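Asks: need coordinates for the following:
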Amino acid sequence: MDYKTVKYGKVRERRNFSRVKSNVELPDLVEVQTSSFEWFVQTGLHELFTDISPITNFTENLELYFGDHELGDPKYTVLECKEKDVTYSRPLRVTVRLLNKEAVDKETGEVSIKEQKIFMGDIPVMSPVGTFIINGSERVIVSQIVRSSGVFFSEEVDKKTGRRKYLGQVIPTRGAWLEFEIGKQDTLFAKIDRSKKIPLTTLIKALGFSSRKQIEALFGDSELLAGTIDKDMTQNSEDAMKEVYSKIRQGETATVEGARSFFVSRLFDEKRYDLAEVGRFKINQKLDIVARVRNLLDRGADVRFAKDVVDSLTGEIVFEANRKIDEDVLVLLQTPQVRRALTTAVPFDETLLAELQIHLDREARMETLADNVNEDFVKQVVKDCFVETLDVKVGSNGETSVIKIIGNNSFENRLHITTADIIASISYYLNLFSKIGTLDDIDHLGNRRLRLIGELLKNQFRIGLAKMEKNVKDRMSTKESKEMTPQNLINIRPLTSSLKEFFGSSQLSQFMQQTNPLDEITHKRRISALGPGGLTRDRAGFEVRDVHQSHYGRICPIETPEGQNIGLINSLACYVKVNKYGFMETPYLKIDKVTRKVTNEEVYMSADEELNHIIAQANVTLNDDMSIQDERVVARHLGETKMFDAIDCDYMDVSPKQIVSISTACIPFLEHDDANRALMGANMQRQAIPLLNPEAPFVGTGIEYKTAHDSGTCVLSDYDGVVEYVDGMKVQVRRETGELDTYSLAKFMRSNQGTCINQSPIVSLGDPIKKGDIVADGPSMDEGELALGRNVVVAFMTWNGYNYEDAVIMNERLVKEDVYTSIHIEKYEIEARDTKLGKEEITREIPNVGEDGRKYLDARGIIVAGAEVKEGDILVGKVTPKGQTDPTPEDRLLLAIFGEKSREVRDTSLRVPHGGGGIVHSVKVFSRDNEDELAPGVNEIVRVYIVQKRKISEGDKM
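Replies: Sure thing, here's the model as predicted:
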């Protein structure tokens, strides 16, 4: 067979028998974590402080502004944080300005401004390998997959009548949901924030369209809308506002002003309603006029303009009435000039003034109200009044109907909902009854997105800042304004406790699984549908858990837990990147349509973007010039895999392993595996314990080097250079600039799972090194490659029934020669505290223990490193004071002679538990005298690490 030789790292060479000619490099496998946290530090924090500024008091004469922020240097290194049980964090300092409008300088007339740099708490920061060190333990924040915000339309069957009915939802990232539905007797209803139903026309009236004439002019002829208006009891906008208020507030009544401000605050206030960038993107995408017309053309309908389309600026007719709409016209419809011609102002109504006040800043608002507010001015300022409308004649099955399509302002960029959005979404809902528009599949990855660490942290930070803002406002109203400074107004405790709660106890903040490098990297690439704002196991149905066509190249269809979490916890596919909206993108190679050649141009596409393309599989046969050999090839289109002409293909998969995760891609000949067993194999590889002498697989898949490289367990070179010194503890590399870099190696450290982390150098003196090269192997690694086990000879045969079912017989030599031997490190800890009866003491003087029981203890009563201990042996001697009793005559005599009482103490020493024997590797002592940070009431902590060498035994997985 043909093969090519590929070099992995400095040493290892492998024969590559792959028939796939394209070779696209895998991206950085933990980038999904590191780049998101980097975004939070660079951009997210700044956005939060901008959003919260200014904090004003009730009289609006005090204003607190947050300016630039900076993160200081960490107090300890990552290694020191693990040793001392502290959090790896950096201090956050923010420049804060306090404006006091009451305190005015009499000479200059300037307002008093006090500026201070304020410490806002220690922010946990990510280590270079994508983990957080919280109280000394390594944790991972798992990415959460949630439903995207936006406008969605679905169809359901009425259980009573069996009729199909449509449902519309406008879902924000934060704020009130807006829902449309059809009830009995074809009446349309709306719901705001899951409240009771109100007629849809009541909502339209509340938005400022008070008369039937206005509503019909806006939406065109609609029997459903006409029927709903007939049943709507409200007479004008004011009645409608009150009705909306009473439905949301369950029967309470309010004045018109109260109802109006409540309605506006629920839907149009940026602090209470947030679509986020992704919501705005999805709304503009969904409500776009062109997309809806294209959907009509795809169904084969004859679509024409119902009336002339006229440019409002020039008066020029862009499209004449009755002109047929085809693909060329659709392209023209997307140009700015035509968009301008489609844009119309909705019939003006004075109730829109309420929104005008919300959207303008304070100074502009005062000027506006001083003016005579005229219609043109309101149109100019309130972009909400502008929608894009298109009247079309649709002919199908010999019938022609005129339909009005309303889209929102396609250049809208505000992050709260606007009147135009609501009008356009109602129009979309009405169009569905005329078979215009598409229904959404909520399980499609175009409608589900990832919340990465940066966004999760930003949300948590926002909660803390909101509590802090409340505190600041309270202090502003109680303190003397002259004495106020930013420092004594701000209390950072709500912020720090909010972060502590997130990292310490959130469902998405997990103790890192560290059995082997594969386990570690898989945990960092895991995505969960559970957690705050997500699903719960009990309520998640079959559809959410199932594999979806849009998972192709984005979420692994194989790697997921067995049991109740199946399908809710998944793993990212190998090549995935996450775009700025949180949607998963996978790469494809562009095919030149003319020459049929596969180019080197990589295009990353989200599930929405790839829908209309024909994408060939990675294993299509290519000629030497990279052109497709066969006339017809297997390709995907609209989620279906079938045969297509090669000339029609737009893109090609980059690799066959593109559809699976890192863990699954480690399985050779995966295509011959049964799906269930592949799932078990992918999950069980992560349970492989690092062996004493690991060995890379003879038959690999080519992903072993990249997995080990990105896992964070090996040592990577930071710069180009030459190796100048190597031993078991460190590697020194001389840079080309002349500086010397020292890489210290981790020796016999304990992982979160109790396995041994031991790094050993794989470079030699004088070796040239490139930036990013592996300098030292970590656990379960061999010459820079992932090595989860050993290459042993296996015979498929029976042996007197001893290997019945899943039993395996193993040669004794494998046990004797330590082929499957591993090292485990256990940590034992004891604290000396202050008790009510006195201080506990760490000592060698233990009551009722002979010299034999203390032979390995030093003068202080702590075990010596290197000692071999068995169950029940004392590791640290400790005595605790007993309750006081009346002194006996002997005690009185001793007290009189020596001046001290024979102490009443009991033995509370730390002993080796059952099954915990081994060799003491190291002992660490933390005490207040050494200025270590200890919990209140604790004077000293002694930590003993015991190493065990375990041979493979009956019952172990192999």
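
Asks: dump the residue contacts of residue 726.
Replies: Residues near residue 726 by C-beta atoms under 8 Å, 6 or more residues apart in numbering: 732, 761, 763-765. Any C-beta I mention is one placed from the backbone N, CA and C, and that applies to glycine too.

Asks: among those, name the buried ones.
Replies: The neighbour-count test (16 or more other C-beta atoms under 10 Å) applied to the contacts of residue 726 identifies 732, 761, 763 as buried.

Asks: so what's the first one up against?
Replies: Put plainly, it is residue 732. Counting by C-beta under 8 Å, 6+ apart, residue 732 touches 723-726, 740-743.

Asks: what's the answer for the last one, then?
Replies: Under the criterion of C-beta under 8 Å, 6+ apart, the contact partners of residue 763 comprise 10, 723, 726, 731, 769, 775-776.

Asks: what's the following helix or strand after the longest helix along the chain?
Replies: Longest helix in the chain, counting residues (DSSP state H): helix 453-478. Next along the chain after helix 453-478, taking DSSP states H and E as the criterion, comes helix 486-489.

Asks: what's that following helix packed up against?
Replies: With contacts taken as 3 or more C-beta pairs under 8 Å, 6 or more residues apart in numbering; DSSP states H and E, helix 486-489 sits against strand 89-104, strand 111-124, helix 453-478.

Asks: for those, give me TSV that also has mean pLDDT, mean neighbour count and distance to residue 581.
Replies: Output for the helices and strands packed on helix 486-489, formatted as TSV (pLDDT from 0 to 100; neighbours: other C-beta atoms under 10 Å; distance: least, C-beta to C-beta, whole Å):
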stretch	mean pLDDT	mean neighbour count	distance to residue 581
strand 89-104	90	17	27
strand 111-124	91	17	25
helix 453-478	93	18	11
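
Asks: please narrow the buried ones among the contacts of residue 726 to those residing in strands.
Replies: Judged by DSSP state E, those include 732, 761 as members of strands.

Asks: quick one: low-confidence ranges for the stretch 801-950 of the chain?
Replies: By pLDDT under 70, the weakly predicted segments of the stretch 801-950 of the chain are 884-886, 899-903.

Asks: quick one: the helices in it?
Replies: 812-816, 889-898 (DSSP state H, counting those that start in this stretch).

Asks: quick one: residue 223 and residue 163, what's the gap?
Replies: 16 Å (C-beta to C-beta, to the nearest Å).

Asks: same deal with residue 512?
Replies: 52 Å.

Asks: tell me which of the two has more neighbours.
Replies: residue 512 (21 against 10; other C-beta atoms under 10 Å).

Asks: could I get the helices of the stretch 801-950 of the chain as TSV with distance to residue 634 and mean neighbour count?
Replies: TSV is the format used below for those (distance: least, C-beta to C-beta, whole Å; neighbours: other C-beta atoms under 10 Å):
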stretch	distance to residue 634	mean neighbour count
helix 812-816	44	11
helix 889-898	93	11
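
Asks: nearest to residue 580, of the contacts of residue 726?
Replies: residue 763 (39.1 Å; C-beta to C-beta).

Asks: give me the phi and psi for the closest one.
Replies: Dihedral angles phi and psi of residue 763 (degrees, to the nearest 10) take the values phi -110, psi 160.

Asks: how about residue 330?
Replies: Given degrees, to the nearest 10, the pair of backbone angles that residue 330 has is phi -60, psi -40.

Asks: kindly report the same for residue 755.
Replies: Torsion angles, degrees, to the nearest 10, at residue 755: phi -90, psi 170.

Asks: do you know the pLDDT at it?
Replies: What the model reports as pLDDT for residue 755 is 95.

Asks: how far away is it from residue 956?
Replies: 14 Å.

Asks: ok, what's across the strand from residue 317?
Replies: Note on residue 317: beta-bridge partners residue 310, judged by DSSP bridges.

Asks: that one - how many residues pack around it?
Replies: Neighbours of residue 317 under the rule other C-beta under 10 Å: 12.

Asks: isn't it up against residue 310?
Replies: Yes - here residue 317 lies in contact with residue 310, judged by C-beta atoms under 8 Å, at a distance of 5.5 Å.

Asks: show me whatever sits in contact with both of the two.
Replies: By C-beta under 8 Å, 6+ apart, no residue touches both residue 317 and residue 310.

Asks: where in the stretch 251-400 of the chain is pLDDT low?
Replies: Applying pLDDT under 70 to the stretch 251-400 of the chain flags residues 251, 346-385, 396-398.

Asks: from residue 549, how far off is residue 568?
Replies: Shown here: residue 568 relative to residue 549, a distance of 19 Å by C-beta to C-beta.

Asks: and residue 10, what does it touch?
Replies: 762-763, 767, 773-774, 784.

Asks: dump those to CSV, plus distance to residue 148 and pLDDT.
Replies: Output for these, formatted as CSV (distance: C-beta to C-beta, whole Å; pLDDT from 0 to 100):
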residue, distance to residue 148, pLDDT
762, 45, 94
763, 47, 94
767, 49, 92
773, 40, 93
774, 39, 94
784, 40, 92
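
Asks: which of those residues are buried?
Replies: Buried among the contacts of residue 10 (16+ other C-beta under 10 Å): 762-763, 767, 773-774, 784.

Asks: among these, which pair sits farthest apart?
Replies: 767 and 784 (12.7 Å).

Asks: distance of the residue nearest the centre of the chain relative to residue 803?
Replies: Central residue of the chain (C-alpha atoms, centre = their mean): residue 452, 1.8 Å from the mean position. In this view, residue 452 and residue 803 are 47 Å apart by C-beta to C-beta.

Asks: next one: residue 874
Replies: 45 Å.

Asks: quick one: which of those two has more around it?
Replies: Using other C-beta under 10 Å as the criterion, residue 874 and residue 803 rank with residue 874 on top: 23 against 15.

Asks: show me the contacts for the more buried one.
Replies: Residue 874 is in contact with 846, 849, 853-854, 857, 863, 909-911, counting by C-beta under 8 Å, 6+ apart.

Asks: give the bridge partners for residue 390, please.
Replies: In this entry, residue 390 is beta-bridged to residue 405, by DSSP bridges.

Asks: what segments of the stretch 51-200 of the chain are strands?
Replies: 55-56, 62-71, 89-104, 111-124, 132-134, 137-141, 143-147, 150-157, 164-171, 178-182, 188-192, 198-199 (DSSP state E, counting those that start in this stretch).

Asks: distance to residue 462 added to the ones you listed, as a markdown table?
Replies: Shown next, in a markdown table, are the strands of the stretch 51-200 of the chain (distance: least, C-beta to C-beta, whole Å):
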| stretch | distance to residue 462 |
| --- | --- |
| strand 55-56 | 14 |
| strand 62-71 | 13 |
| strand 89-104 | 15 |
| strand 111-124 | 14 |
| strand 132-134 | 19 |
| strand 137-141 | 16 |
| strand 143-147 | 16 |
| strand 150-157 | 21 |
| strand 164-171 | 19 |
| strand 178-182 | 23 |
| strand 188-192 | 23 |
| strand 198-199 | 31 |
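
Asks: which one is residue 421 nearest to, not counting chain neighbours?
Replies: Once flanking residues are discounted, residue 421 sits nearest to residue 408: 4.8 Å by C-beta to C-beta, 6 or more residues apart in numbering.

Asks: pretty sure that neighbour sits against residue 426.
Replies: No - using C-beta under 8 Å, residue 408 makes no contact with residue 426, being 11.0 Å away.

Asks: before I go, just wanted to say thanks for your time.
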